[in-house]
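Asks: show me how the following folds:
(2 chains)
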Amino acid sequence: MRLTFFYLTILLLPAVTIAAPLEPVDPLDYRGGAWSPYLVGGLIGVLSWLTFLFSNKALGASSQYATAAGGLGKAIAPRHTSSLKYFRDNPPKFGWGMMLIIGMLLGATAAAITGDEFTPQFLPEMWVDRFGEETYLLRGLTAFAGGLFMAFGARLAGGCTSGHGISGTMQLSVGSWIAATCFFIGGIATAFLLYRL
Amino acid sequence: MTDLTKPQSRKSYHLQFGLLFGIVFGFLLQKGGVGKFHVLIGQLLLDDWTVVKIMASAVIVGMIGIYSLHSAGRVELHIKATKLGPNIIGGLLFGSGFALAAYCPGTNIAALGQGNWDAVIVAMGLIAGSYLFAEASSVISRTIDNWGDYGKLTLPEVMHLPARYLVPLLAIILTALLWTIERLN
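Replies: Coordinates of the predicted model:
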């Protein structure tokens, strides 16, 4: 009985929240980037020359989550995980890409601390202004579902906003331009449903 | 002193380079503001153009350098196959997940670095979604993965325009796009 109630709450919570009148929010009311986006973008461009030149690699992030999934899978269910086609073709291995992710975490933390922007929080300000305080469960669910869809979509499409959106488009790959366009079409449509209705 | 211009010594520092490049990438993403929920959602609502500005400037600078280095024989390209079905279906699915999560796989790390703990849940979702894809991977490889598979395909090939003309042309178009965005806002 109690369990049924719990599941009902999870199922109904998004509906209830959406049915309740939501506050209109303006993303520009909050503090933006510390540095000029042109400077940051230009430097990411230069960084990509260096990764090609010194590591023979393109910048990308999403496949490392698959590496982590494969690593975890091998620890929990080794036989089953090794039988899956994706992990047979892409054995989860700790390498350059995972070092890149570890570095990114260190670099972002350093940037946040030096810029006085290390702000520990679970609910982002704009989220709270839109969906209300104490909406931990709703944010948790959307964050998890968002991650799930992104990973499945990125593996299907062959990359994410970094791998296709930046590295692929700058190499003038046709598939990357198509995928990046679809990232924005899907993203804009969903964002308008969530924040403009 | 190791000579890093020699491929062999580059190889022995492979992991260190990954870490170093990651530090720079993460630092830049956070400074650019793309570790922030409202900047990312703001782009998808077409209010805040930071994400497009960063991506377009990275593409302009990146493609000029990489195609120059490539024509000088200094770097190899890393082009993924163009597959219309997977690119479009996966792309749309990715986009809707992006709007739900607000952080994409790379900027999620930047979000984590500045203390946005909801990014931990996004990372869990990303790991779960990757495993789910692996579960479906043999079915997908026999179906969706073959829809509109053109192999490695580049814009210079489809447009019959050599990169030495297309790269400057695209740089001008993207600069004009950025200039227009700047004027309109």
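
Asks: okay, now the unreliable bits of chain B?
Replies: Residues of chain B that meet the criterion pLDDT under 70 lie in B:1-9.

Asks: residue boundaries of the helices in it?
Replies: Counting by DSSP state H, the segments of chain B that form helices are B:7-12, B:14-32, B:37-44, B:50-71, B:84-101, B:105-113, B:118-142, B:155-159, B:163-184.

Asks: before we move on, what about chain A?
Replies: Counting by DSSP H, the helices of chain A are A:2-19, A:37-50, A:63-76, A:78-83, A:85-89, A:96-114, A:125-131, A:136-157, A:169-170, A:174-195.

Asks: and the ones you listed: which comes nearest B:V122?
Replies: Taking C-beta to C-beta, helix A:136-157 is the member of the helices of chain A nearest to B:V122, at 4.3 Å. Yep, even glycine has a C-beta here, placed from its N, CA and C like the rest.

Asks: hang on, the earlier thing: out of the helices of chain A, which is the most enclosed?
Replies: Among the helices of chain A, helix A:169-170 has the highest mean neighbour count (mean count of other C-beta atoms under 10 Å in any protein chain shown), at a mean of 26.

Asks: so which residues make contact with it?
Replies: Here helix A:169-170 makes contact (C-beta atoms under 8 Å, 6 or more residues apart in numbering or on different chains) with A:G45, A:S48, A:S176, A:W177, A:A180, B:M55, B:A58, B:V59, B:G62, B:M63, B:I66.

Asks: need the contact list for the residue most central in space within chain A.
Replies: To find the centre residue of chain A, average its C-alpha atoms and take the closest one (C-alpha atoms, centre = their mean): that gives A:G147, at 6.1 Å. By C-beta under 8 Å, 6+ apart, the contact set of A:G147 is B:G97, B:A101, B:N108, B:I121, B:V122, B:A123, B:M124, B:G125, B:L126, B:I127, B:A128, B:G129.

Asks: let's have those residues in TSV, adding neighbour count and distance to chain A.
Replies: Formatted as TSV, these follow (neighbours: other C-beta atoms under 10 Å in any protein chain shown; distance: C-beta to the nearest C-beta, whole Å):
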residue	neighbour count	distance to chain A
B:G97	30	3
B:A101	31	3
B:N108	33	8
B:I121	21	4
B:V122	32	4
B:A123	23	7
B:M124	16	6
B:G125	28	2
B:L126	34	4
B:I127	23	5
B:A128	19	6
B:G129	28	3
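
Asks: distance of the residue nearest to the centre of chain A relative to A:L47?
Replies: According to C-beta to C-beta, to the nearest Å, A:G147 stands 25 Å off from A:L47.

Asks: report the contact partners of the closest residue to B:Q16 other than its chain neighbours.
Replies: With sequence-adjacent residues excluded and distances taken as C-beta to C-beta, 6 or more residues apart in numbering or on different chains, B:Q16 is closest to A:M99, at 7.8 Å. Contacts for A:M99 were tallied using C-beta under 8 Å, 6+ apart; they are B:L15, B:Q16, B:G18, B:L19, B:G22.

Asks: I'd say the last one and A:M98 touch.
Replies: No: under the criterion of C-beta atoms under 8 Å, B:G22 makes no contact with A:M98, lying 9.2 Å away.

Asks: quick check, stretch A:49-69 touching chain B?
Replies: Yes: using C-beta under 8 Å from any C-beta of the partner chain, stretch A:49-69 reaches chain B at A:49-62, A:64-66, A:68-69.

Asks: count of neighbours near the spatially closest residue to B:L29 that is not a sequence neighbour?
Replies: Of all residues not flanking B:L29 in the chain, B:A110 sits nearest, at 3.9 Å (C-beta to C-beta, 6+ apart). Per other C-beta atoms under 10 Å in any protein chain shown, the neighbour tally for B:A110 reads 32.

Asks: look at A:T114 and report its pLDDT.
Replies: With respect to pLDDT, A:T114 scores 98.

Asks: by neighbour count, which of the contacts of A:M99 wins?
Replies: Using other C-beta under 10 Å as the neighbour test, those are led by B:G22, with 28 neighbours.

Asks: could you measure from it over to B:I173?
Replies: Using C-beta to C-beta, one obtains 31 Å as the distance from B:G22 to B:I173.

Asks: try B:I23
Replies: The gap separating B:I23 from B:I173 is 32 Å, by C-beta to C-beta.

Asks: more neighbours, the two?
Replies: Remark: of B:I23 and B:I173, B:I23 carries more neighbours, 22 against 12, as counted by other C-beta under 10 Å.

Asks: poorly predicted segments of chain A, please.
Replies: Short version for chain A, where the test is pLDDT under 70: A:1-20.

Asks: change it to 80
Replies: A:1-21 (pLDDT under 80).

Asks: apart from its chain neighbours, what residue comes closest to A:E117?
Replies: Sequence neighbours aside, B:Q114 is the residue nearest to A:E117 in space, at 5.5 Å (criterion: C-beta to C-beta, 6+ apart).

Asks: contact partners for residue 41?
Replies: You didn't say which chain, so I picked chain A. Shown in contact with A:G41 (C-beta under 8 Å, 6+ apart): B:G32, B:K53, B:I54, B:M55, B:A56, B:S57, B:A58, B:I60, B:V61.

Asks: actually it's chain B I care about, not the one you picked
Replies: A:P27, A:M126, A:A191, A:Y195, B:A99, B:A102.

Asks: since that was my last question, I'll sign off now.
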